[in-house]
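Student: Provided below are the primary sequence and the corresponding predicted coordinates.
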Amino acid sequence: MKTSLRIHPAIGFARVGNSKEYYLGPETMAASPIEGSVIRGGLPIQPGTESTPITSADIRDAEGKLKRQAARFKIYQYTTEGDSITYPTPGGKEVVIGSEVDGKKVVDIIWTTHLANKKANCWEIDEEANEGIALYEGGNTPPLRNLNYKSAQDPADPIRLKELVIDAGPRAIMASKGSTAIPFDKQTQASYYNQTSGTIETQASYPIQFPFSDGTGDNGSDPITYLGEILTEPNGRLLVLGGHGLACAFNNEGEFDASQALCKDVDNDNWIDDTSDGPVTAVLVFDDGSKQPIDGSAWIVSTDPSYAPQTLNVVSLWDDVYNTWLENFNLQPEIYSNGKYNDSYKPYFEDDVFPTLNAAHMQMWNTNLPSNAIAAHKNMSNLTSEKPSIDVMQFIRNPDGSQNEVGAPLMPLSLGDAAQSFLTLSEQQYFFLDKWNSGIHSDAPTVMAGPGEQLDKTILVNCLGGRFSPGIDLTFIVRDVNLYNKNWTNPAVGPFRINAEVFDYSKAQKDQPFLGVGYTPLRPFLVEPGDLCKFMAVPWHTDYNSCATHTPDPNPGGSVTDSNVFKGTVNTTLFWSWPAQRPVAVYTFEDLMANTNKGELPEQRYSVRGEGTAAQEQLSSPGCPFSGSFDSKAMNVGRYQDRRNILTNWMRIGTIIQGPAIEGYPDDFDKDYYLEVESLFEKDESNKVIFWPNTVSDNVFPPED
């Protein structure tokens with residue numbers, strides 16, 4: 001018998017906020033039942049507790065600022081036979097200070113994390129081509145962001161690596177002294193665990209880079225001097241916090257320049273933000289003075305806030321990652337082997353099928369569905385393991401590509417991924433649903449992963465998948481086998497691990513960039529800090545603002561122009577982008593309590609509302625001439641018309657949580673209402689919501705007086 005050690009979750013997520021305070025990220029799956037509680041899963045956790053969920057009173061600090069979400073990392077030990085494991089791995093016991101590993105007592109834990117942001121030195125998502133990872137096939141790459149920066153047009157150019165990359169460097173922390181946070185900022189020296197000396201060493205020569213950080217903030221552009229911090233819980237677990245949601249503008253001469261325009265939703269040259277990512281490693285310190293590095297390293301991603309933590313995505317990040325691993329890494333050959341899904345497999349209803357059905361129902365809390373559609377979607381969540389009385393699959397869009405251009409009534413009712421008009425389920429989701437729909441499922445107890453691997457899954461379930469244009473948490477790179485450590489059957493590695501570069505920090509030189517170009521999709525390159533978030537929107541705020549409702553792109557009937565709309569040849573219905581992560585229409589707790597019919601749902605309001613959101617036709621932002629394509633008021637509801645406004649108002653957006661978690665929620669009200677709380681938008685600023693289906697030619701309501 002052998003003991004192996006791994007850090008979980010394999011990929012963790014911190015979320016930005018403009019407050020210095022924080023809560024912990026959720027460790028239960030969104031919308032999942034929790035035994036003994038009326039509150040469903042997905043709520044973040046109060047700091048200093050094991051699993052106590054937050055309430056509406058915990059979302060903002062005393063000054064009304066939005067709290068950050070910390071990612072919590074844990075260590076698990078596994079006892080295995082032989083040199084290979086299968087998935088899922090049952091068992092696994094958490095290792096904390098005071099635990100025993102192979103007869104030795106753990107007296108301390110040394111953690112190291114490295115945060116960076118490479119967005120400004122990455123390739124464009126290319127909003128026009130909208131082909132995702134396909135743009136990297138055949139050795140190709142999309143156009144480079146900031147191509148005009150000091151005439152440096154190679155991502156490996158030392159000028160770009162130094163001046164377009166935020167690199168806070170590594171920080172190491174000893175858990176026994178970890179109650180004081182160590183920041184990733186300009187002033188704090190880099191530090192790391194030196195395996196040769198067995199100690200934490202300060203690296204004064206590390207080239208900490210915060211470009212364009214000397215300036216005065218103005219109109220949403222702020223100098224970035226901080227990416228987050230690390231600290232530990234008393235038992236030795238690591239907490240990683242991200243930045244404060246800042247964006248920073250600069251000019252092509254390398255100067256802070258707040259006057260830069262925001263002309264695009266995804267690829268804005270001359271802008272950076274304070275999201276980040278990087279590796280998480282750990283070393284156990286034993287009572288006999290020996291130390292044991294943990295091979296199963298993890299990764300941290302700091303990204304957008306989660307404004308609807310309990311709303312389940314129809315296609316989650318887990319679905320995309322799991323699909324990639326099933327089809328490429330022989331993860332579970334009983335499900336997928338020899339290039340196909342195995343017809344003999346019987347899905348487990350609760351784990352394999354029900355989450356997709358339940359997610360369809362949950363979308364009602366973030367979208368403007370009419371009552372008949374709400375009833376139909378709710379019926380999906382009432383289905384059981386028994387074969388349904390109707391053919392459910394007639395309403396589910398097939399991911400084989402044959403129905404990519406078919407909208408309603410096929411589901412999901414969301415916009416599609418790269419080069420797809422409409423969203424489809426992942427291959428394994430569709431396979432599981434189809435089996436169950438045919439009356440085939442397993443009544444045996446679910447084969448449970450241990451708590452560490454279950455945490456891997458939970459964290460990814462709570463993030464967005466399916467529509468990566470580019471997405472919110474991670475993007476199309478999660479479908480690339482080169483992103484991951486292929487040696488997953490090694491008990492010390494396990495599945496879903498990032499294929500991380502291992503650095504020798506002792507070789508850092510003050511005046512030379514330490515990080516290189518790093519990971520490039522569809523290439524066998526190791527992954528460096530900053531390599532995951534770099535494929536996301538820059539700044540993230542503009543993409544979030546944009547993705548309320550849109551017509552399908554590509555549109556089945558051709559481009560949406562005045563001429564084509566007049567001819568009736570295009571699909572003019574407006575669909576949602578990421579409703580579980582980017583709420584469009586919401587029911588507010590304040591309106592519910594003021595409703596004449598107490599306890600009945602009130603009218604909806606747009607989540608992003610107020611001054612500057614009134615829909616306008618063909619509006620040009622400062623410095624951004626109108627592109628000339630068809631644009632109508634109905635296409636622009638629920639968002640800021642001038643992208644600059646989202647930079648100064650994102651922290652005012654409310655959060656959607658379940659009724660019983662809201663302070664003052666009446667005991668006799670429906671326990672399954674999910675309502676917006678803690679919005680800082682005035683109620684009389686809101687635009688009224690028109691029930692779906694909406695089209696580009698619809699009228700819109702003006703703001704209320």
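Tutor: Done, it's in. What you are looking at is a predicted structure, and each value in this text was computed from that prediction instead of being measured.
Student: hey, let's count contacts and neighbours off CA atoms from now on
Tutor: Will do.
Student: give me the number of residues near residue 401?
Tutor: Counted by other Cα atoms under 10 Å, the residues lying close to residue 401 total 10.
Student: let me redo that: residue 623
Tutor: Residues lying near residue 623 (other Cα under 10 Å) number 11.
Student: For residue 279, see how far away it is.
Tutor: Residue 623 sits at a distance of 38 Å from residue 279 (criterion: Cα to Cα, to the nearest Å).
Student: now do residue 151
Tutor: Distance, residue 151 to residue 279, using Cα to Cα: 32 Å.
Student: Same check on residue 186?
Tutor: As judged by Cα to Cα, residue 186 and residue 279 stand 19 Å apart.
Student: got it, and residue 583?
Tutor: In terms of Cα to Cα, residue 583 sits 30 Å off from residue 279.
Student: How about residue 19?
Tutor: From residue 19 over to residue 279 the distance is 24 Å, taken as Cα to Cα.
Student: So, low pLDDT: which residues of the stretch 601-705 of the chain?
Tutor: Across the stretch 601-705 of the chain, residues meeting the criterion (pLDDT under 70) sit at 618-620, 626-629, 684-686, 702-705.
Student: in it, which spans are strands?
Tutor: Per DSSP state E, counting those that start in this stretch, the stretch 601-705 of the chain has strands spanning 605-606, 655-658, 674-677, 694-695. These are given in chain order.
Student: I'd like to know how many residues surround residue 376.
Tutor: For residue 376, the tally of surrounding residues (other Cα under 10 Å) stands at 12.
Student: tell me the pLDDT at it?
Tutor: Residue 376 is assigned 87 on the pLDDT scale.
Student: Distance from the chain centre to the helix or strand where it lies, please.
Tutor: Using DSSP states H and E, residue 376 maps to helix 371-381. Taking Cα atoms, centre = their mean, to the nearest Å, one finds the center of helix 371-381 at 27 Å from the center of the full chain.
Student: quick one: pLDDT of residue 581?
Tutor: Looking at residue 581, its pLDDT is 93.
Student: Give the closest residue to the residue of the chain most remote from its centre in space, chain neighbours not counted.
Tutor: Taking Cα atoms, centre = their mean, the residue of the chain most remote from its mean C-alpha position is residue 288, at 41.4 Å. Distances taken as Cα to Cα, 6 or more residues apart in numbering put residue 104 closest to residue 288, at 7.5 Å, once the chain neighbours are dropped.
Student: Dig out what the one you found forms beta bridges with.
Tutor: residue 101 (DSSP bridges).
Student: Run through who's touching the helix or strand following the helix holding residue 376.
Tutor: Counting by DSSP H and E, the next helix or strand C-terminal to helix 371-381 is helix 427-437. Residues from elsewhere that reach helix 427-437 (Cα atoms under 8 Å, 6 or more residues apart in numbering): 319, 323, 341, 346-347, 349, 352-353, 356, 385-388, 391-393, 398-399, 441.
Student: which regions of this protein sit below the pLDDT cut-off?
Tutor: Using pLDDT under 70, the flagged stretches of the chain are 618-620, 626-629, 684-686, 702-705.
Student: From residue 534, how far out is residue 269?
Tutor: Distance, residue 269 to residue 534, by Cα to Cα: 13 Å.
Student: tell me, what's touching these two both at once?
Tutor: By Cα under 8 Å, 6+ apart, the residues touching both residue 269 and residue 534 are residue 120.
Student: which stretches of this protein form helices?
Tutor: Under the criterion DSSP state H, the chain carries helices at the ranges 158-163, 317-328, 354-362, 371-381, 427-437, 451-461, 540-546, 562-567, 589-594, 644-649.
Student: what angle separates the third one from helix 371-381?
Tutor: When you say that, I think you mean helix 354-362. Here the directions of helix 354-362 and helix 371-381 differ by 160 degrees (axes from the mean of the first three to the mean of the last three Cα atoms, to 10 degrees).
Student: neighbouring contacts of helix 354-362?
Tutor: 31-32, 311-315, 374, 377-381, 383, 412, 429.
Student: Same check on the second one?
Tutor: Defining contact as Cα under 8 Å, 6+ apart, one finds that helix 317-328 is touched by 331-333, 335-337, 339-340, 426-429, 457, 460-466, 474, 478-481, 496.
Student: And the buried ones among these, selectable in ChimeraX?
Tutor: To isolate the buried ones among these in ChimeraX, judged by 16 or more other Cα atoms under 10 Å, type:
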select :331,333,335,336,337,426,427,428,429,457,460,461,462,463,464,465,466,474,478,479,480,481,496
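Student: related to what we said a few turns ago, residue 583 and residue 279: which is more packed in?
Tutor: A count of neighbours by other Cα under 10 Å puts residue 583 above the other of residue 583 and residue 279, at 31 against 25.
Student: so who does the residue nearest the centre of the chain touch?
Tutor: Of all residues in the chain, the one closest to the mean position by Cα atoms, centre = their mean is residue 473, 2.0 Å from it. Contacts for residue 473 (Cα under 8 Å, 6+ apart) come out as 13, 301, 303-304, 463-464.
Student: swap in residue 265?
Tutor: Residue 265 touches 537, 542-543, 545-546, counting by Cα under 8 Å, 6+ apart.
Student: Nearest to residue 670, out of those residues: which one, please.
Tutor: Ranked by distance to residue 670 (Cα to Cα), the contacts of residue 265 are led by residue 545 at 31.1 Å.
Student: State the number of residues packed around the closest one.
Tutor: Using other Cα under 10 Å, residue 545 is surrounded by 22 other residues.
Student: Would you mind measuring from it to residue 439?
Tutor: With distances taken as Cα to Cα, residue 545 is found 42 Å from residue 439.
Student: ditto for residue 4
Tutor: Going from residue 4 to residue 439 by Cα to Cα gives 40 Å.
Student: The two: who's more crowded?
Tutor: Using other Cα under 10 Å, the more surrounded residue of residue 4 and residue 439 is residue 4, with 21 against 14.
Student: Show me the contact partners of the helix holding residue 376.
Tutor: Contact with helix 371-381 is made by 354, 357-362, 364, as judged by Cα under 8 Å, 6+ apart.
Student: For these, give me a markdown table that also has neighbour count.
Tutor: Below are these laid out as a markdown table (neighbours: other Cα atoms under 10 Å):
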| residue | neighbour count |
| --- | --- |
| 354 | 21 |
| 357 | 19 |
| 358 | 23 |
| 359 | 25 |
| 360 | 23 |
| 361 | 22 |
| 362 | 25 |
| 364 | 24 |
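Student: which of the residues you listed sit farthest apart?
Tutor: Using Cα to Cα, the two most remote members of the contacts of helix 371-381 are 354 and 364, lying 16.8 Å apart.
Student: Pull out the buried members of the contacts of helix 427-437.
Tutor: With burial judged by 16+ other Cα under 10 Å, the buried subset of the contacts of helix 427-437 is 319, 323, 341, 346-347, 349, 352-353, 356, 385, 387, 398-399, 441.
Student: Show me which of the residues you listed is closest to residue 43.
Tutor: Closest to residue 43, out of all of these and judged by Cα to Cα, is residue 356, at 19.1 Å.
Student: how much space between the closest one and residue 479?
Tutor: Residue 356 is 20 Å from residue 479, by Cα to Cα.
Student: can you check residue 454 too?
Tutor: 21 Å.
Student: Not counting sequence-adjacent ones, nearest residue to residue 695?
Tutor: residue 573 (4.3 Å).
Student: ok, now residue 537?
Tutor: Leaving aside its sequence neighbours, residue 537 sits nearest to residue 266 (Cα to Cα, 6+ apart; 4.4 Å).
Student: Distance of that neighbour relative to residue 139?
Tutor: Using Cα to Cα, we find residue 266 at a distance of 23 Å from residue 139.
Student: ok, those two, which is more surrounded?
Tutor: The residue with more neighbours, out of residue 266 and residue 139, is residue 266; 25 against 9, by other Cα under 10 Å.
Student: Please report how far the more buried one lies from residue 126.
Tutor: Distance from residue 266 to residue 126, by Cα to Cα: 8 Å.
Student: cool, residue 343 as well?
Tutor: The gap separating residue 343 from residue 126 is 39 Å, by Cα to Cα.
Student: Kindly report the same for residue 495.
Tutor: Residue 495 sits 31 Å away from residue 126, going by Cα to Cα.
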